[in-house]
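Novice: After the sequence you'll find the predicted model.
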Amino acid sequence: MKNITDSFVSLGHWPSAGSFGFNTDILATNPINLSVVLGVLIFFGKGVLSDLLDNRKQRILSTIRNSEELRRAAIEQLEKARTRLRKVEIEADEFRVNGYSEIEREKSNLINAASENLERLENYKNETIHFEQQRAINQVRQRVFQQALQGALGTLNSCLNNELHLRTISANISMLGAMKEIID
């Protein structure tokens, strides 16, 4: 904290000759900035992030439950189709002479229809899960970014007190006065 205020205080000690200086000591400035940003992100974003993730987890679990119910319904349909297939096979034995090829065609159609329904439901379940995961990830990213910005602005505003504001304003006014005298 002292290093941050020292960097603002040093703004008031600029020479009035119009020169401008940078703090080129990277080892002194970047770790402080990074630690402040990371601290703010961890402190403010931890609870929000866990709440968001819990909510998304519950939504994804409910979507999975719905998909499982659809899967069970498809399995029941498949069982009904198999029962019907057994009946058709019994009738096939009775009518083998008259329509063996028609019965085989109906058998394959029933199996193919049931398999296609099951495959379609499985694909729908996988697409739904993938979509919900992507949406959850995007919402979490957005929320974390907003929280980080709010935290950084809050930290910045809390670090700047009235005395520091007044010193910065007076330093800027004196620099503008010096520039005006140079121009005149």
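Specialist: Nice, thanks for sending it over. Numbering: from 1, shown residues only.

Novice: Could you use CA atoms for every contact and neighbour count after this?
Specialist: OK.

Novice: So which residue is smack in the middle of this protein?
Specialist: Ile137 (2.4 Å; CA atoms, centre = their mean).

Novice: low-scoring stretches of the protein, by residue?
Specialist: 1-29, 97-100, 156-157, 159-160, 184 (pLDDT under 70).

Novice: So in it, which helix runs the longest?
Specialist: Counting by DSSP state H, the longest helix found in the chain is helix 26-94.

Novice: still on that earlier bit, what's the helix or strand for the residue nearest to the centre of the chain?
Specialist: Using DSSP states H and E, Ile137 maps to helix 96-159.

Novice: what residues are up against Ser67?
Specialist: 121, 125 (CA atoms under 8 Å, 6 or more residues apart in numbering).

Novice: roughly how far apart are it and Phe131?
Specialist: 14 Å (CA to CA, to the nearest Å).

Novice: do Arg65 as well
Specialist: Taken as CA to CA, the span from Arg65 to Phe131 is 16 Å.

Novice: Same question for Ala73.
Specialist: 23 Å.

Novice: Glu76 - how many residues pack around it?
Specialist: When neighbours are counted by other CA atoms under 10 Å, Glu76 registers 12.

Novice: Would you tell me what the next helix or strand after the helix holding Ile137 is?
Specialist: helix 162-183.

Novice: picking that back up, how distant is the helix holding Ile137 from the center of its chain?
Specialist: Mean-position distance between helix 96-159 and its chain equals 17 Å (CA atoms, centre = their mean, to the nearest Å).
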